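# attaching a predicted model along with its sequence, questions to come.
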Amino acid sequence: MENDNHATVSVDDCRLLTLDRHHHENGNLTVVENGKDFPFEVQRVFYIYDVPGGTDRGGHSHRRCHQFIVAVSGSFDLEIDDGVSRRTVTLNRSNIGLYVAPGIWVGLRNFSSGSVCLTLASDPYDEADYVRDYDEFLNLTANKRK
């Protein structure tokens, strides 16, 4: 598949981004503007909620799709892995999210009760974009370990 980033991407390419938050007496407002707040145009939005205690989500990487992941309620941990390095990032603020580059393996863990994980994605859903087998992921990232 063209534009597969597994061989070159690093966990260092993933970064926390702060969204504009406007505080008002009657509640806060966080704004997301397409093409301004992160390095891709949003083509798909989905959210994960009502995750049973002890359940993990994710467990895959993308070949082309960029993502921005934010805890709009509650908290959870993202484990990001580039085939060489791993890093765990806790998301627990509704205006701070993690930009995840294509080619990074992502696992979501430790969901608090009532948490909501919102993901903004650069591409529409395409099963061919997913790498769901960790051994295949390690094969795609093997050149980084030489």
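Noted; the coordinates are in hand.
# residue most distant from the centroid, this protein?
In terms of distance from the mean C-alpha position of the chain, Glu25 ranks first, at 31.3 Å (CA atoms, centre = their mean).
# is Val45 part of a helix or strand, or is it coil?
State at Val45, reduced to three classes by DSSP: H, G, I helix; E, B strand; the rest coil: strand.
# can you get me a residue count around Leu140?
By the criterion of other CB atoms under 10 Å, Leu140 has 19 neighbours. Every C-beta, even on glycine, is put in place using the N, C-alpha and C of the backbone.
# what about the nearest residue to Ser73 once chain neighbours are set aside, how many neighbours?
Spatial nearest neighbour of Ser73, excluding adjacent residues (CB to CB, 6 or more residues apart in numbering): Val116 at 4.2 Å. Look at Val116: counted by other CB under 10 Å, it has 17 neighbours.
# over to Asn95?
Asn95: 17 neighbours (other CB under 10 Å).
# what about it, distance to His62?
As judged by CB to CB, to the nearest Å, Asn95 and His62 stand 24 Å apart.
# same check, this time on Thr30
Distance from Thr30 to His62, by CB to CB: 25 Å.
# between the two, who's got more neighbours?
The neighbour count for Thr30 versus His62, taken as other CB under 10 Å, is higher for His62 (24 against 16).
# tell me how far that one lies from Ser113.
29 Å.
# what sits against the closest residue to Asp123 other than its chain neighbours?
Once flanking residues are discounted, Asp123 sits nearest to Cys65: 4.4 Å by CB to CB, 6+ apart. For Cys65, the contact set (CB atoms under 8 Å, 6 or more residues apart in numbering) comprises Pro102, Ala121, Ser122, Asp123, Asp126, Asp129.
# can you say which of those are buried?
Applying 16 or more other CB atoms under 10 Å to the contacts of Cys65, the neighbour count classes Pro102, Ala121, Ser122, Asp123, Asp129 as buried.
# tell me which element the closest residue to the first one other than its chain neighbours falls in.
The shortest distance from Pro102 to any non-neighbouring residue, by CB to CB, 6+ apart, is to Asn5 (4.4 Å). Per DSSP states H and E: Asn5 is located in neither a helix nor a strand.
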